[in-house]
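Peer 1: quick one, fold the following:
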Amino acid sequence: MSDFKFCPVCATSLVQRVDEGEGGKSRLACPEGHWTHWDNPLPVLAAIVEIDGKILLARNAAWQEGMFALITGFMERDETPEQGIAREIKEETNLDAEQIKLVGVYEFMRKNELIIAYHVKASGAVQLSPELLEYRLLEPAALRPWRAGTGHAVADWMRAQGLAVEYVERPLLQAQPEPALKA
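Peer 2: Residues are numbered from 1 along each chain as shown. Below is the predicted model of the structure:
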């Protein structure tokens, strides 16, 4: 659900409107026709970052202990998805992306996002951005994806590597076999 209440052009209160030719979809719109809130999914980039044969998972500062996930971020204007994921990896971990290969595209309806996931071979020394507290480097077989969003990307990548997939029910990847590394 949207927080938009007023037209950004004329400040008139928005109304729910069913547009002809839009398959009967109801959208918030200006009654004067100046603006429509399409509420389209937002593209999110995700990386299965590989360093020396291990996969890097990181814990966001807002998450509980033991919860780790892929490096993710939003595309910026005037960059390709590949440039965007390389930039996100550099910003969040200080690693350099050397090989970038598309894993797949995944829906994440709960957050109205479309995830574009890559396997990225990277190099360098990990230095986390302030938004990340710690990281773990795991053997690929130790990954435990969740059943949504980036978890589907991890599972597909693991299967492509000939690895068995064991899902967890929590809403992020779990990374418990090896100790955390702080940067």
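
Peer 1: so who does the spatially most distant residue from the centre of the chain touch?
Peer 2: Most distant residue from the mean C-alpha position of the chain: Glu32, 36.3 Å away (C-alpha atoms, centre = their mean). Going by C-beta atoms under 8 Å, 6 or more residues apart in numbering, Glu32 touches 7, 10, 12. Glycine gets a C-beta too; all of them are placed from N, C-alpha and C.

Peer 1: which among the residues you listed count as buried?
Peer 2: Among the contacts of Glu32, those scoring as buried are Cys7 (criterion: 16 or more other C-beta atoms under 10 Å).

Peer 1: restricted to strands, list the contacts of Glu32.
Peer 2: Per DSSP state E, strands hold no members of the contacts of Glu32.

Peer 1: looking at the contacts of Glu32, spot the one nearest Lys25.
Peer 2: Cys7 (18.8 Å; C-beta to C-beta).

Peer 1: quick one: contacts for that closest one?
Peer 2: For Cys7, the contacting residues are 13-14, 30, 32, 34-35, by C-beta under 8 Å, 6+ apart.

Peer 1: show me the domain layout of this structure.
Peer 2: If you go by automatic domain parsing, the domain ranges for the chain are 1-39, 42-174.

Peer 1: pick the most buried one from the ones you listed.
Peer 2: Comparing the domains of the chain by mean neighbour count (mean count of other C-beta atoms under 10 Å), domain 42-174 comes out on top with a mean of 17.

Peer 1: start and end of stretch 48-55, how far apart?
Peer 2: 7 Å (C-alpha to C-alpha, to the nearest Å).
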